[in-house]
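Asker: Sharing a model prediction with you, sequence too.
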Amino acid sequence: MSATDFLSILPLLIISASAVIAMLLVAIKRNHRVMHAFTVLAFILAFGALFLHPGQLPYVIAPLFVVDAFALFNTGLILVAGLSVLFLSYSYFEQREERKEEYYILLLLATVGGIVLVVSQHFISLFLGLETMSISLYGLIAYLRARERSDEAGIKYLLLAALSSAFLLFGMALVYAESGRMDFTGIGRYLATAGSVPVGVVAGFGLMLIGVGFKLGIVPFHMWTPDIYEGAPLPVAAYIATVSKGSMLVLLMRFYRDIDGYEYTILWWVIAIIAMASMFAGNWLALLQQNVKRLLAYSSIAHMGYILIAFLAGQAAGQEAVMFYLVAYVITSIGAFGVLALLSDKVRDAEDLEDFRGLFWRQPWLAAIFTGMMLSLAGIPLTAGFIGKFYIVAAGVDAGLWLLLVLLVINSVIGLFYYIRIVAMMFQPLDAPQRKPLPFFGIFALTGLMLLLLWLGIYPSSLIAVIRDMVLTMG
Amino acid sequence: MILFLFILIPVVGAFAAWLSAAAHKMLPRWIALMVMVFDLALAAGYWLQTAGSDGWYVTFVQPWMPRFGISFSLAMDGLSLLMVVLTFFLGVLSVLVSWNEIKERAGFFYFNLLFVLAGITGVFLTMDLFLFYFFWEVMLIPMYFLIGIWGHSNRLYAALKFFIFTQAGGLLMLLAILGLYFVHGQNTGTFTFSYFELLNTPMSQEMGRWLMLGFLIAFIVKLPAFPFHTWLPDAHTEAPTAGSVVLAGLLLKTGAYGILRFVLPLFPEASQFFAPWIMLLGAIGILYGGKLAYAQTDFKRLVAYTSVSHMGFVLVGAFAFNELAYQGVVMQMITHGISTGALFMIAGSLYDRLHTRELEKMGGLWPALPGMGVVAMIFVMASLGLPGLGNFIAEFLILAGSWQSHPWITIAATIGLVVATVYSLRIMQKVFFGVSLREYRLPDLSFREVIMFVPLVIVIIWLGVYPQPVINTAKPAAVPAVAVHHPLK
């Protein structure tokens, strides 16, 4: 590998090295504050390193990695998401009893996995990235092991993720057996020359879809989502909702594009059915929840369904829509979980709807942020979520996916119902408004996210231009 | 630039009102009042200045999202101008009407009130379909808060119902807007949301009909027409007085405005095709709304159902495709806004004194409240269409216009006038005449209420005896909505 190679994956290297250094730091002396500051620094450095990228894009590090604008953008997204999660983590873990320092090592490792996923163009790097992330997540989910549902969630994720990895591996093996290739473009070329898709490859794709679908949390592989969201510490839940799902989605997009997946009607229909089922199941089950964490979990299933519609629209506009929606979704999810995290106290997390009663009069700013996040998830103007939904609908109309769009409209209305219910809960009258001081870092991060949300909702052109350039140069 | 100011001033005022609550409890309502009076003066001054001129007065265009051909484009013609003046007029009154009613969290209340008004103004001024949808949705959230926080006992249910109904309609409109956008783009090569460019979009007959339905559903939900009206009585009954005034006076008008501005000019063929059915819906609304109004025992609910009835006239008139009916529709939008707004204010004032809205618990109030009785009488008479008051002109023009295209539907609609007489007189009889259950000792109109009601009375009489300025102002706007259809007739 040359120096340029190293420089082009510098963010990845920085995060990896930081994980190692963090381990040494813990060995020397346990100090929560130092660990937090160090991790924040690592993320900021890695983010800065994105701009040091030398030479031409796309830059291929054969055979495993490809660094193109798409990869850089999503690496940036992962880093920003990770950084926001970090800001929310400090106060959340500070007030809890357990040893806190290893959390940051695991978070760094999971981020390594996420970045590997977005730059990989090969089955090997895909699998390595996925496993690095999953194994860190096992630890992260069960981190607050003294709590009741923590172990349960961790073990559940461990078993299901292992199972889905097995499916993924088997699928890859089948594809490899037929095509003799493990790099995405190679498989694409093989399929193009083969004419019809061989049965082995179809079976392989099917099995891989199980693995991918599990990570994305789409129907019918969504069963883990509510339990894990409920059991995991809140910042970790935010991390899973955004980085874990987002990087998998990015990988799916790259893979699909490289193999020309839009050519194969059967694949299209499989995904379309999954999208419809995800929208309905997610929204319908979210409607029945009294627990806000589970509600967010189910709503995230529905949102993956929406994203898949844009994904199915296929052309450049569809890919732009996916990316814009993903950015909006990352902001809103972290924001929503962040509000929950700041409201939680030592003993339990704020997760029942009742915990939000009268929040408008207790913590006006926090309530305003949470309202913003809910309205964004519901797709109401002035928020990024609105532009995201508009983008998806625009892509869908352009591609003529009327059936899917009408279902999207129906589901948006169902979704509105439960988002607005939370908002309504927040302005219920309250007898004695008592305020507790809020941690500075948390409020800082949430305010930043809120401003970003409004910025993208009112003036989205800035981000649209970046995404558009990126999609056009993807080739 | 003045158009942008019309929207910007309430928005800035909204934030100022919110923040000022921390300084002093009385400050928000003064700021709100100043802002609305200023905007009203600005708009009225502009009206006097442009009196007599045709076409589009001013435009304001700024690029917003060039990627999609979306621009922040505002324009004003006679129809918009009338609606904007009405918005600010009722805006001033809705601030006044909340003066003593809102004691809790006044800062946030006036923030929401001004924000709704800003959104409505935006709806009346925008000439970009995306921006239109944007404002259409923006005004819902503060309205939701107005009902949900300051409303009466069943407020959350009502607010949720209002929100879901209008959102569902709005999303269908979004699909239709995007459909139009892509049809236009594919047929002409330019992708734009600009209203002026989308006029005369070449498209297949079937496509036009589908897209027109998308728009139409959003608008008739808002109007509201039978059978999409069920959100309205709930929202009206539970909303605070200012909320009811804004809802009845302005929000419903955005639906009517949408039909005149978008449905008819953008989809002439499809409008022609569906016209008999839509007029039938309007006629059903007139009769059904009137019947339900008669059956109500709650004052506000009664007035709410009369809105369903009166807005049916708008539907009948708009799809009659002739200029007489068009003028009538514009008049109906204005006079209904004023008369219903006034009736809701009376309901609010009565509630203030009696703490009930039940007609059965009222009665014999005239001796105690002669001033309010006179005002109520005037607006009840206006509501039943007494000549000399604005509503008569409106309904007369609509009926005269629609007779030419669909006589049978017009006859049904005319029966609605009889129904209106019955429920209107019932209000007066139940509330102000009849047997008094108790010996009331109530304060009559206060100074603030006099300031509120006197302009309303003056305007409704003015519109009844000398409506010509309004008709002249609205006239040029009728051309695209009506002229297109003449060759087909």
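Answerer: Right, received. Where do you want to start? Residues are numbered from 1 along each chain as shown, chains lettered A, B, ... in the order given.

Asker: Now do the helices in the stretch 1-150 of chain A.
Answerer: Across the stretch 1-150 of chain A, reading from the start of the chain, the helices by DSSP state H, counting those that start in this stretch fall at A:3-8, A:10-28, A:32-49, A:69-94, A:102-119, A:123-141, A:150-179.

Asker: I'd like the C-alpha coordinates of the fifth one written as CSV, please.
Answerer: Coordinates of each C-alpha in helix A:102-119 appear next as CSV, following Å, rounded to 0.1, in the frame of the first residue of the first chain:
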residue,chain,number,x,y,z
GLU,A,102,-15.0,0.8,28.0
TYR,A,103,-18.1,2.2,26.4
TYR,A,104,-16.0,4.6,24.4
ILE,A,105,-13.7,1.9,23.1
LEU,A,106,-16.7,-0.1,22.0
LEU,A,107,-18.2,2.9,20.3
LEU,A,108,-15.0,3.6,18.4
LEU,A,109,-14.8,0.0,17.3
ALA,A,110,-18.4,0.0,16.1
THR,A,111,-17.6,3.2,14.1
VAL,A,112,-14.7,1.4,12.5
GLY,A,113,-17.1,-1.2,11.4
GLY,A,114,-19.5,1.3,10.0
ILE,A,115,-16.8,3.2,8.0
VAL,A,116,-15.5,-0.1,6.6
LEU,A,117,-19.0,-0.9,5.4
VAL,A,118,-19.4,2.4,3.5
VAL,A,119,-16.1,2.1,1.7
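
Asker: Quickly compare the helices of the stretch 1-150 of chain A and say which is most buried.
Answerer: For the helices of the stretch 1-150 of chain A, average neighbour numbers computed from mean count of other C-beta atoms under 10 Å in any protein chain shown are highest in helix A:102-119, which has a mean of 26. In this view, the C-beta of every residue, glycine as well, is placed from N, C-alpha and C.

Asker: For that one, name the packing helices and strands.
Answerer: Helix A:102-119 makes packing contacts with helix A:10-28, helix A:32-49, strand A:65-67, helix A:69-94, helix A:123-141, helix A:245-258 when contacts are defined by 3 or more C-beta pairs under 8 Å, 6 or more residues apart in numbering or on different chains; DSSP states H and E.

Asker: Off-centre distance for the longest one?
Answerer: Put simply, helix A:69-94 sits 10 Å off its chain's centre (C-alpha atoms, centre = their mean, to the nearest Å).

Asker: now the angle from that helix to helix A:10-28?
Answerer: Compare the direction of helix A:69-94 with that of helix A:10-28 by axes from the mean of the first three to the mean of the last three C-alpha atoms, to 10 degrees and you get 20 degrees.

Asker: So the residue lying closest to A:Ser344 once chain neighbours are set aside: helix, strand or coil?
Answerer: If you skip the residues right next to it in sequence, A:Ser344 has A:Ala350 as its closest partner in space, 4.9 Å away by C-beta to C-beta, 6 or more residues apart in numbering or on different chains. A:Ala350 falls in the coil class when you classify it by DSSP: H, G, I helix; E, B strand; the rest coil.

Asker: who in the stretch 151-300 of chain B is up against chain A?
Answerer: B:156, B:159-160, B:163-164, B:167-168, B:171-172, B:174-175, B:178-179, B:181-182 (C-beta under 8 Å from any C-beta of the partner chain).

Asker: on that earlier part again, how many neighbours does the residue nearest to A:Ser344 have?
Answerer: By other C-beta atoms under 10 Å in any protein chain shown, 18 other residues sit near A:Ala350.

Asker: Could you verify my assumption that it touches A:Gly338?
Answerer: No - A:Ala350 sits out of contact with A:Gly338 when judged by C-beta atoms under 8 Å, with a separation of 11.6 Å.

Asker: export the helices of the stretch 1-150 of chain A to TSV and tack on distance to A:Ala275?
Answerer: As requested, those are exported to TSV (distance: least, C-beta to C-beta, whole Å):
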stretch	distance to A:Ala275
helix A:3-8	35
helix A:10-28	31
helix A:32-49	32
helix A:69-94	21
helix A:102-119	21
helix A:123-141	22
helix A:150-179	19
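
Asker: The ones you listed: which one's closest to B:Ile393?
Answerer: Nearest to B:Ile393 among the helices of the stretch 1-150 of chain A is helix A:69-94 (60.0 Å), distances taken as C-beta to C-beta.

Asker: Which residue, other than its chain neighbours, is closest to B:Ala304?
Answerer: Counting by C-beta to C-beta, 6+ apart, the nearest residue to B:Ala304 once its immediate chain neighbours are dropped is B:His236, at 3.7 Å.

Asker: helix or strand for B:Thr192, which one?
Answerer: Remark: B:Thr192 resides in no helix or strand, with elements defined by DSSP states H and E.

Asker: how many neighbours does it have?
Answerer: B:Thr192 is surrounded by 19 other residues when neighbours are defined as other C-beta under 10 Å.

Asker: Touching, it and B:His184? I think so.
Answerer: Yes - using C-beta under 8 Å, B:Thr192 and B:His184 qualify as a contacting pair, with a distance of 7.1 Å.

Asker: list residues touching both of the two?
Answerer: Common contacts of B:Thr192 and B:His184, defined by C-beta atoms under 8 Å, 6 or more residues apart in numbering or on different chains, comprise B:Leu198.

Asker: Tell me the pLDDT of B:Val479.
Answerer: B:Val479 is assigned a pLDDT of 69 by the prediction.

Asker: Please read the previous query as pertaining to A:Ala153.
Answerer: In the predicted model, A:Ala153 carries a pLDDT score of 90.

Asker: And for the closest residue to it other than its chain neighbours, the neighbour number?
Answerer: Counting by C-beta to C-beta, 6+ apart, A:Gly231 is the residue found nearest to A:Ala153 once chain neighbours are left out, at 2.5 Å. Close neighbours of A:Gly231, defined as other C-beta under 10 Å, add up to 24.
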